[in-house]
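Peer 1: pasting a predicted model and its sequence here:
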Amino acid sequence: MTQELRRTAIFEAHVALGGRIVPFAGWEMPVQYAGVVAEHKAVREAAGLFDVCHMGELELRGQHAVVVADYHISNDFGALPVGKALYTTCCNAEGTILDDLIVYKRGLEDVLIVCNASNLAKISAHFKQAAENHCEFRDLSEETGLIALQGPKAVDVMRAAGASEATLALPSFSFAKDTVGGFAVTAARTGYTGEDGYEIFCRTEDALGLWNALITAGKPLGLQPAGLGARDTLRLEARLSLYGNEIDETTNPLEAGLGWVVKLDKRDFIGRDALLRIKEAGLTRKMVGFEMTGRGIARHGYPIVPEGGGAPIGLVTSGSPGPTVGKNIGLGYVPAALSAIGSTFAVEIRGQAISAVVVKTPFYKRAR
């Protein structure tokens, strides 16, 4: 039986703006409007607006909420100040990744967890069980809207939409309540594009009005609506992992290049013992970024083979042309011995072994 696709509260705006709608993680979502490259360029040079209302939002409240959250993630949430957020992985006992999350410390007894849409049922059940007999748990996904405003002119768009000076001055991974476009919001200085910007939480019933207000405020500044296609090329250039591609329950954060969100010296967390063993044994494979030196575009699932061809030695997890960097780029897992910058291999594309080289990542880094 085919699952019925859901629509976000902003769906009618996507249709009105000419968005091309595709299925994504159980939702009908816009993959593009004017075109992937045009939207990618708008985010790099001005600003883009993304509907991310499909993401999951989970709340922990009570005396032990922070401790519960900290035990179930690899990063150090306990040491985080109130009003700050962090990126982290949520691992199982084997040290592989259930999801990657952004976790917000709204208070000493108030935690917000944002998870991927495709993992909402799994992560909601995970934290609901974790909270039993320790703290209150609520799945706020149905009542929460989320819009991402990204790009070098994001602050200007927020100013035009009526954001306060405090919100305009928020440091990275900080958040605050405000009124934007006439709607009560929580604005967080976070994103998934490699650019400056905000992810803006609101009530579900306010999401369409907030979206339209931001579109109106941003249009004179070059703001464009942006779809899943540009979101993918932007995050790839910034070397940001996508669950289901770079990370899943067959990968651990150390081999995925996410060791920086694994704090093995903090108090115990789920997966810590397994990750300690993995680190001590040494990694057998690593995630790398690469450029195609031959003519061809690497895509998710393509085999990585030795130069000249042969049996697969790795796998491409993501790949596409990089509109900003002007090269065909990709991410993939290779044997640890081939992970150093300058190492060469090939990607098998339609039966042909096309040359590639490991390069420093991120492929694109914005000027500060």
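Peer 2: Thanks, I have the structure now.
Peer 1: gap between the closest residue to E255 other than its chain neighbours and G95?
Peer 2: Leaving aside its chain neighbours, E255 sits nearest to L283 (5.1 Å; criterion: CB to CB, 6 or more residues apart in numbering). (C-beta placed from N, C-alpha, C; glycine too.) Look at L283 and G95: by CB to CB, to the nearest Å, they are 12 Å apart.
Peer 1: between those two, who's got more neighbours?
Peer 2: Legend: neighbour count by other CB atoms under 10 Å for L283 and G95, higher for G95 (24 against 15).
Peer 1: return the list of strands paired to the lengthiest strand in the chain, each annotated with direction.
Peer 2: The longest strand of the chain (DSSP state E) is strand 97-107. If you go by DSSP bridges, strand 97-107 pairs up with strand 85-91 (antiparallel), strand 110-115 (antiparallel).
Peer 1: quick revisit: isn't the residue nearest to E255 up against L254?
Peer 2: Yes: between L283 and L254 there is a contact under CB atoms under 8 Å: 6.1 Å.
Peer 1: so what sits against both of the two?
Peer 2: Counting by CB atoms under 8 Å, 6 or more residues apart in numbering, L283 and L254 have no contacts in common.
Peer 1: just for the stretch 251-368 of the chain, where's the confidence low?
Peer 2: Scanning the stretch 251-368 of the chain for pLDDT under 70 picks out no residues.
Peer 1: out of the strands paired with strand 97-107, nearest to A311?
Peer 2: The minimum distance between A311 and the strands paired with strand 97-107 falls on strand 85-91, with 30.7 Å, by CB to CB.
Peer 1: what about V334, distance to F363?
Peer 2: 17 Å.
Peer 1: cool, and L258?
Peer 2: From L258 to F363 the distance is 17 Å (CB to CB).
Peer 1: and if you look at F290?
Peer 2: In terms of CB to CB, F290 sits 10 Å off from F363.
Peer 1: shared neighbours of those two, anything?
Peer 2: Contacts common to F290 and F363, judged by CB under 8 Å, 6+ apart, are I329.
Peer 1: what about the helix or strand in which F50 is found, distance to the chain center?
Peer 2: Using DSSP states H and E, F50 maps to strand 47-51. Centroid displacement of strand 47-51 relative to its chain, using CA atoms, centre = their mean, to the nearest Å, is 14 Å.
Peer 1: equivalent analysis for stretch 4-24, please.
Peer 2: 20 Å.
Peer 1: which outside residues touch it?
Peer 2: 26-34, 51, 53-54, 117, 145, 147, 204-205, 207-208, 211-212, 215, 225, 227-228.
Peer 1: swap in stretch 290-306?
Peer 2: So stretch 290-306 is in contact with 245, 311-321, 327-334, 344-349, 352-359, 363, going by CB under 8 Å, 6+ apart.
Peer 1: secondary structure class for the residue nearest to E255?
Peer 2: coil (DSSP: H, G, I helix; E, B strand; the rest coil).
Peer 1: and for T167?
Peer 2: Going by three-state DSSP: T167 is helix.
Peer 1: count of residues packed around it?
Peer 2: 25.
Peer 1: got it, and G222?
Peer 2: G222: 17 neighbours (other CB under 10 Å).
Peer 1: and it, what does it touch?
Peer 2: 42, 45-47, 153.
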